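> Coordinates only, no sequence provided:
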């Protein structure tokens, strides 16, 4: 699925963005509850798909980079859940 309808090249976008992935990491565990509560199974689907693709892109370039970033987020006081 191309969430950007092919309007933005993945390589260009992923080289220059990553903040959405941090947002995704913060909400991904609670998103199923939100989707159910709001009766909106498509809530944040574009964000989810884009972050799945971004993570895959990262992993092809630097193995375990997503894991390291996840650990940094969890260990950071400002991002602790």
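Noted; the coordinates are in hand. Computed from a predicted model, the values in this text were never measured in an experiment. Residues are numbered from 1 along each chain as shown.
> Next, the buried residues of the lengthiest helix in the chain.
Taking DSSP state H as the criterion, the chain has its longest helix at helix 45-61. Residues of helix 45-61 classed as buried by neighbour count (16 or more other CB atoms under 10 Å): 47-48, 50-51, 53-55, 58. Heads up, the C-betas are built off the backbone N, CA and C, glycines and all.
> Can you name every helix or strand that the helix or strand of the chain with the lowest mean pLDDT contacts?
Taking mean pLDDT, DSSP states H and E as the measure, the chain has helix 65-75 as its least confident helix or strand, at a mean of 84. When contacts are defined as 3 or more CB pairs under 8 Å, 6 or more residues apart in numbering; DSSP states H and E, helix 65-75 packs onto helix 19-27, helix 45-61.
> Including pLDDT, could the buried residues of helix 45-61 go into a markdown table?
Listed next are the buried residues of helix 45-61 as a markdown table, based on pLDDT from 0 to 100:
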| residue | pLDDT |
| --- | --- |
| 47 | 93 |
| 48 | 95 |
| 50 | 91 |
| 51 | 91 |
| 53 | 91 |
| 54 | 91 |
| 55 | 90 |
| 58 | 88 |
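> From those residues, pick the one nearest residue 32.
Nearest to residue 32, judged by CB to CB, of the buried residues of helix 45-61 is residue 48 at 10.9 Å.
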